[in-house]
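> Need the 3D shape of this:
(2 chains)
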Amino acid sequence: MTEPLLEVRDLTVEFRSGGAWHPAVRNVDLSIAPRETLAVVGESGSGKSVTALAVMGLVPAPAGRIAAGSSIRLSGRELVGLGERELDRVRGDRVAMIFQEPMTALNPTMTVGEQVAESVRAHRGLGAQAARREALRVLDLVKVPSAARRMDDYPHQFSGGMRQRVMIAMALACHPAVLLADEPTTALDVTIQAQVLSLVEDLKREHGLGVLFITHNLGVVALIADRVAVMYAGEVVETAPAAELFETPRHPYTEALLASMPRVDRDVGALEPIQGNVPSIREIGPGCAFAPRCAHAQARCRESRPRLEPEGAARSVRCWLRTASP
Amino acid sequence: MSAPAAVLPARGWTRRFRANPTSWLGVALIAAVVLAALLASTIWPLDPLEQNVAERLMAPTAAHPLGTDTFGRDVLARLLHAARISLLIGAFSIALAMTIGSAIGIAAGYLGGWFDAAVTSLLDVLLSFPTLLLGLMVVAMLGPSMGNLVIAIAITELAPFARVARAPTITLKGRDFVEAGRALGFSDLRLVVVHIIPNLLSEVVVVASLWLATAIRTEASLSFIGLGVKPPTATWGGMIREGFENILDAPWLALAPSLAILVTVLGLNLLGDGLRDAIDPRARRD
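Residues are numbered from 1 along each chain as shown, chains lettered A, B, ... in the order given. Alright, predicted model coming up:
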């Protein structure tokens, strides 16, 4: 296996609520290799976005903090504990992020070209002319049609899909090693979604990017992911190569998630929603976080918390039913 | 998606501004006053300081369309030259108040926490003083001179600018593009300069146009009570004060500068209202 670009070890992110710290993300391990897309899937509130924010060093202080013992390594360099100034140099330059809402993630008072140029200038210290040329190059790269003319337009003159391309251009302007995408296609039409996904795919291949793709859309996962990490209530409950995950889900939560998804390739009579909700970070007991909603839960599931145990070379699962002999 | 009204000018505001006849009236009045100030010597080439005791307190005639004052000086020439001083003091003090006030407001809104709380309380203290009283205190402390007058008027108008800049900063700070900028590694300074200031500039400019009128009034009031620009330099407030002594014999002495102030303040208010109506959708009538 190649050296991972991004390696997250034992990441715990806590938020203060009512005078006590509660972990929103607990002991998360992730790694991304060059030219690899890791999809992080899970329901709302499962800690996907918080994980991405932690990688960016954007956990909002003072309400939130990364707990001691957490490690986030980017190309071998530890990011946890870096000062704000050093993080500013890493963000956008080595690791960049694109957001869910392309409508509001662009500044309405600046032309698209200026905004892309600004992200180049922030890190490269280029002059206005050079930054503009670089902006044009990147806009061409993300296939904004007639970029030379359109770069002087304002965001409101762009469609949603084009704005998302601009966002990607801003993120890629400084050739980051890792791209974090937080549900970048959720707000887009299905056809535009496909275009943006294939763009990310092309960029990944051509530039050796590692992509962390956060989504709750399993269809998108099937389309683009090499590996998948399933998150539930702040924990990674299962990781597997994408194809294997869809074929043989090991964790009961993954099974339930797949059963609740409409599929055209299989004759499923009815969708099965998962009963109940993701527990609040204040309500998690000593046992497995999924136990209250799990159809197979046993006594020990409610008493002690399972660990994420490797299964074979490429998979791991956090479940007593799988780790102990059945 | 519609943007929060307070933060972003709705599109097409120039069109709405142009479609509003009262904003045009404001523009016309201000343009007239500014032109008169700029071309004072060309329009009426008499010396505003030249005294002629033989011709004191003359009623308006062809040679002196607005009459003469107690020293026999031509009132029209004084009025035109006073426009320069009044506009300059107003403009400089507003520029100063806008720069420093907005900077304070942006810093408070952006940094938040105890700093914000402290600044907001101080601004409340500042706001609790009537403008004139505060200006009077500052001039009394610094001594009357043109520079001190500018500083005094600027201090009286810091708080409104700080408030107007602070509120949208708080909204903008939470907007996605600011967060996205942070994710791109922008420093706080860069975020403020690139993403926050351009988005609140329109609001600050509207406030500036409205408070410029107040600045001119404050200048006139301070000059009226003798704490403004020193005689013999002509200012509108000073002229009213001098004319006041002869209000029964020569009412034009006080009337002419009063009307000048009225026209200027009216023009600025119409202009400011027009800008505000055009930019802020909440205040729009359509």
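> Where does the prediction get shaky in the stretch 1-150 of chain A?
Within the stretch 1-150 of chain A, the ranges that satisfy pLDDT under 70 run A:1-2.
> which residues in it form strands?
When secondary structure is read from DSSP state E, counting those that start in this stretch, the stretch 1-150 of chain A shows strands at A:6-17, A:20-32, A:37-41, A:64-66, A:71-74, A:77-78, A:95-98.
> What distance do you get for A:Thr186 to A:Phe99?
Using CB to CB, to the nearest Å, one gets 10 Å for the distance from A:Thr186 to A:Phe99. Using the backbone N, CA and C atoms, a C-beta is placed for each residue, glycine as well.
> Looking at the two, which has the bigger crowd around it?
The residue with the greater number of neighbours, taking A:Thr186 and A:Phe99 and applying other CB atoms under 10 Å in any protein chain shown, is A:Phe99; the counts read 24 against 14.
> Could you find the closest non-adjacent residue to the more buried one?
Beyond its immediate neighbours in the sequence, the residue positioned closest to A:Phe99 (CB to CB, 6 or more residues apart in numbering or on different chains) is A:Ala105, lying 4.6 Å away.
> How many residues are close by that neighbour?
Going by other CB under 10 Å, the residues that sit close to A:Ala105 add up to 26.
> Return the residues in contact with it.
When contacts are counted by CB atoms under 8 Å, 6 or more residues apart in numbering or on different chains, A:Ala105 touches A:Ile98, A:Phe99, A:Arg163, A:Met167, B:Asp176, B:Phe177, B:Glu179, B:Ala180.
> Assess the claim that the third one and A:Leu106 are in contact.
Yes. Between A:Arg163 and A:Leu106 there is a contact under CB atoms under 8 Å: 5.9 Å.
> Can you check which residues contact both of these two?
With contacts defined as CB under 8 Å, 6+ apart, the residues adjacent to both A:Arg163 and A:Leu106 are A:Pro155.
> which of the contacts of A:Ala105 lies closest to A:Thr239?
Each of the contacts of A:Ala105 was checked against A:Thr239 using CB to CB; the closest is A:Ile98, at 22.8 Å.
> For chain B, see how far away the closest one is.
As defined by CB to the nearest CB, to the nearest Å, A:Ile98 lies at a distance of 8 Å from chain B.
> still on that earlier bit, which of the contacts of A:Ala105 fall in strands?
Those of the contacts of A:Ala105 mapping onto strands are A:Ile98, per DSSP state E.
> can you put the contacts of A:Ala105 in a markdown table and add distance to B:Ala162?
Conversion of these to a markdown table gives the following (distance: CB to CB, whole Å):
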| residue | distance to B:Ala162 |
| --- | --- |
| A:Ile98 | 35 |
| A:Phe99 | 31 |
| A:Arg163 | 34 |
| A:Met167 | 33 |
| B:Asp176 | 26 |
| B:Phe177 | 24 |
| B:Glu179 | 25 |
| B:Ala180 | 27 |
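> Of the contacts of A:Ala105 - the most surrounded one?
Neighbours were tallied for each of those (criterion: other CB under 10 Å), and the maximum of 29 neighbours falls on A:Met167.
> Can you tell me which residue is spatially central in chain B?
With distances taken as CA atoms, centre = their mean, the residue of chain B nearest its centroid is B:Leu212 (1.2 Å).
> Can you get me a residue count around A:Asp152?
A:Asp152 sits with 12 neighbouring residues when counted by other CB under 10 Å.
> and it, what does it touch?
A:Thr111, A:Val112, A:Gly113.
> Tell me which helix or strand the closest residue to B:Ala165 other than its chain neighbours sits in.
Spatial nearest neighbour of B:Ala165, chain neighbours left out: B:Gly105 (3.1 Å); criterion: CB to CB, 6+ apart. B:Gly105 is part of helix B:75-111, with elements assigned from DSSP states H and E.
> helix or strand right after that helix?
Using DSSP H and E, the helix or strand that follows helix B:75-111 in sequence is helix B:113-128.
> by contact count, what packs against that following helix?
helix B:75-111, helix B:158-173 (3 or more CB pairs under 8 Å, 6 or more residues apart in numbering or on different chains; DSSP states H and E).
> one more time with 10 Å, if that's ok
With contacts taken as 3 or more CB pairs under 10 Å, 6 or more residues apart in numbering or on different chains; DSSP states H and E, helix B:113-128 sits against helix B:75-111, helix B:131-142, helix B:146-156, helix B:158-173.
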